[in-house]
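K.L.:
task: produce atomic coordinates for the following.
(2 chains)
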Amino acid sequence: MKTGRTFRWVALGLLGLFVIAPMAASIQFSLEAGYKGRLSLTAYSQALAEPGLGGSLLTSVKVALGAMGITLVLLVPTVIFVNLRFPRWRAVLDAISLLPLGVPAVVIVLGVLGSYRSLPNFFTGTPVILAFIYVILAMPYTYRAIDSGVRSIDLHTLVDAGRSMGAGWMKLFSRVLLPNLRSGILAAAFLTVALSLGEFAIASIMGFTTFPVWLVSVEGNNPYVAVALSITALLFTWILLVALAFAGSGRRRRTTGAFGVEIVDEIEEKEGLVPLPSAEATT
Amino acid sequence: MSVASGARVKRAGPGTRRRRYLSAIGVVPFLAYVGFFLVVPAASVMVQAFRDNNGGLSLSNLSTVLSSQQPWLHSYATSLELSAASAAIAGVLGLVGTVALVSSPNRILRRLVTTACGVLANTGGVPLAFAFIATIGNAGVATHLLSELGFNPYNNGFSLYSFTGLVIVYLYFLLPLVILLMLPPVEALRKEWREAAATLGASPRNYWQKVGLPVLTPPFIATLMVLFMDAFAAYATAEALTTGSVPLVPIEIGALLAGNVVSNSANLGDALGFGMIVIVGVAGALYVFVQRKTSRWLR
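P.N.:
Below is the predicted model of the structure:
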């Protein structure tokens, strides 16, 4: 069908253009830095000299690593435990892990400040609180990533084999289960880091200068520097996420279940329960 | 390690009832965490919305929000319009894109597009707003190009820092989301159905009217709900782009919390937040309802 093919390429072509144009324009915008037709790296070198860059990046990285650590320590044992001992609770925990999708980020801030304002200052008064909240924001995705990882291995056989060979639970956990769950854990870690590095709403409202908050404050004075840095950050996140999509799908197709093709498989697999990949709600 | 202790108890002796309860300790940290950082805060917002400044039960916050003398109803209207408009436009365009994608026999292309969509649907916030400022902001690359061609969009009523601008930017992460969510149902439309329809004398138009669209309607509505919730809760893009000039509920709440707005009603923010929970809740309930209705043909 001739018309079908034309329609297909026009539709996909326009979508592709819409996706690529803003990114291409950002790169050109940052390279021109106001001088039309003259490309230079001025905006990028200015960016490196901009005061506050190092500090805000450091805060963001610390928060991201903290959120990643909490996510793994909290979710990996829980998911293994539930699959091993309480398979009946699986659906309940699965549903609970989706709850954050129903609560807008702004409302979480409202609630955390309202409920815990009276607690000591180190709790709501330092960026530490951000790490704890980001764990919640990322949970719909991280829980799914770890859960499908755990389900794709033969948990009972591994545990029984390890136990019968005399491994204690600690050894079993570190030598048998963790290596087998590598891709699911990696996916959860990447997702938490990507989300934490980009989150703006909560950090901004609570008054912490993370990297995105700092970027917005720079934009007013020097939009070229801001765009140069933000396009760099965006491409970095994209590389992280594409790597994740391929790492997850390389060996076993259904191990990560958080992204791209995997999410489609997940939807088919689970019928009703669609993991909702919400971007904005969390950033 | 909770796993270790919990599981060993059960291994040690095939359980009395008490031991079974003891071994449930493994899920306690998870439940406690979600309780502390999600359930308690959300519940507190809902309770505080009904308290006055002195802590007594009252509807004063809600009546302030609903009062026509106050700006809040207008914010809700703007937020609802923005989310509905961007969800509807993204839904229709995304569905066309999905059908186009599925009609392609090229598997590599499909793989590429789904991976890209997974990444793009998670792109948002500040960098996205900046990318659009660099493109069609008032000093943007495309704006410059267009005005050299004799058509400056800013002299013709267009502005990126407006309602229309926000819709365009939201499409950037909503469109990939539509493709991700609609690809499985569109793929599930069987070739045989189309052939059977054609054999019975149906035109392609008949086929879409009588078979294709009815089967796709429930998942499509579910997708619209997801898009709506996504757009409704969005904060970062709008704040970075308009710095509050388009009055959206999340941004108003942020401003109240950051103390930019003087208010004599301490729990006004909670009342606004309560309204958001209700609206997202309705959309979420509709999503679950429609999802259950999804035709068995697609399973």
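K.L.:
C-alpha only now, for contacts and for neighbours.
P.N.:
Will do.
K.L.:
counting by contacts, list what the helix or strand where A:Ser30 lies packs against.
P.N.:
Following DSSP states H and E, one finds A:Ser30 within helix A:2-32. Applying 3 or more C-alpha pairs under 8 Å, 6 or more residues apart in numbering or on different chains; DSSP states H and E, one finds that helix A:2-32 contacts helix A:42-49, helix A:223-250, helix B:72-102, helix B:125-136, helix B:141-148.
K.L.:
around chain B, which positions in the stretch 101-250 of chain A sit nearby?
P.N.:
A:102-112, A:114-115, A:132-133, A:136, A:169-170, A:198-201, A:205-207, A:212, A:215-216, A:226-227, A:230-231, A:233-234, A:238, A:241-242, A:245 (C-alpha under 8 Å from any C-alpha of the partner chain).
K.L.:
of all the residues in stretch B:238-251, which ones are buried?
P.N.:
For stretch B:238-251, burial by neighbour count (16 or more other C-alpha atoms under 10 Å in any protein chain shown) applies to B:Ala238, B:Glu239, B:Ala240, B:Leu241, B:Thr242, B:Val246, B:Pro247, B:Leu248, B:Val249, B:Pro250, B:Ile251.
K.L.:
picking that back up, please indicate which of the residues of the stretch 101-250 of chain A next to chain B are buried?
P.N.:
If we count by 16+ other C-alpha under 10 Å, those have these buried: A:102-112, A:114-115, A:132-133, A:136, A:169, A:198-201, A:205-206, A:212, A:215-216, A:226-227, A:230-231, A:233-234, A:238, A:241-242, A:245.
K.L.:
do you know how far A:Leu17 is from chain B?
P.N.:
Distance, A:Leu17 to chain B, using C-alpha to the nearest C-alpha, to the nearest Å: 11 Å.
K.L.:
burial count for that residue?
P.N.:
The local packing of A:Leu17 (other C-alpha atoms under 10 Å in any protein chain shown) involves 11 other residues.
K.L.:
again, but for A:Asn221
P.N.:
10.
K.L.:
SS state for whichever residue of the stretch 1-150 of chain A sits closest to chain B?
P.N.:
The stretch 1-150 of chain A approaches chain B most closely through A:Gly111 (3.7 Å), counting by C-alpha to the nearest C-alpha. Following DSSP: H, G, I helix; E, B strand; the rest coil, the label given to A:Gly111 is helix.
K.L.:
wait, doesn't it sit right on B:Val39?
P.N.:
No: assessed by C-alpha atoms under 8 Å, A:Gly111 is found out of contact with B:Val39, at 9.1 Å.
K.L.:
residues of the stretch 51-200 of chain B that sit close to chain A?
P.N.:
Going by C-alpha under 8 Å from any C-alpha, the residues of the stretch 51-200 of chain B near chain A are B:96-97, B:100-101, B:103-104, B:111, B:114-119, B:121-127, B:130-132, B:134-135, B:140-142, B:172-173, B:177, B:180-181, B:183-184.
K.L.:
Produce a PyMOL select command limited to the buried residues of these.
P.N.:
Applying 16+ other C-alpha under 10 Å to those, the buried members can be selected in PyMOL as follows:
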select buried, chain B and resi 96+97+100+101+114+115+116+117+118+119+121+122+123+124+125+126+127+130+131+132+134+135+140+141+142+172+173+177+180+181+183+184
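K.L.:
show me where the stretch 101-250 of chain B has helices.
P.N.:
Remark: helices assigned in the stretch 101-250 of chain B by DSSP state H, counting those that start in this stretch are B:107-120, B:125-136, B:141-148, B:163-188, B:191-199, B:204-207, B:213-233, B:236-242, B:249-257.
K.L.:
quick one: which of those helices is nearest B:Gly55?
P.N.:
Comparing the helices of the stretch 101-250 of chain B against B:Gly55 with C-alpha to C-alpha, the closest turns out to be helix B:249-257 (18.5 Å).
K.L.:
what ranges in the stretch 1-150 of chain B fall below the confidence cut-off?
P.N.:
B:1-23 (pLDDT under 70).
K.L.:
picking up where we left off before, the helix holding A:Ser30: how far from the chain's middle?
P.N.:
Offset of helix A:2-32 from its chain centre (C-alpha atoms, centre = their mean, to the nearest Å): 26 Å.
K.L.:
what residues of it count as buried?
P.N.:
So for helix A:2-32, counting by 16+ other C-alpha under 10 Å, buried means A:8, A:11-12, A:15, A:19, A:21-32.
K.L.:
what residue is smack in the middle of chain A?
P.N.:
A:Leu191 (2.7 Å; C-alpha atoms, centre = their mean).
K.L.:
what's the angle from the helix or strand that one falls within to helix B:125-136?
P.N.:
Assigned by DSSP H and E, A:Leu191 falls within helix A:182-198. If you take axes from the mean of the first three to the mean of the last three C-alpha atoms, to 10 degrees, helix A:182-198 sits at 60 degrees to helix B:125-136.
K.L.:
pull out the buried positions in helix A:182-198.
P.N.:
By neighbour count with 16+ other C-alpha under 10 Å, helix A:182-198 contains the buried residues A:182-198.
K.L.:
per-residue pLDDT, B:Thr223?
P.N.:
We note a pLDDT of 94 for B:Thr223 in this prediction.
K.L.:
I figured it hits B:Pro184, correct?
P.N.:
No: the criterion here is C-alpha under 8 Å, and B:Thr223 misses it with B:Pro184 at 11.8 Å.
K.L.:
how is chain B partitioned into domains?
P.N.:
By the assignment in automatic domain parsing, chain B contains the domains B:2-48, B:61-298.
K.L.:
just those: most buried one?
P.N.:
Between the domains of chain B, domain B:61-298 has the highest mean count of neighbours, a mean of 19, where neighbours are mean count of other C-alpha atoms under 10 Å in any protein chain shown.
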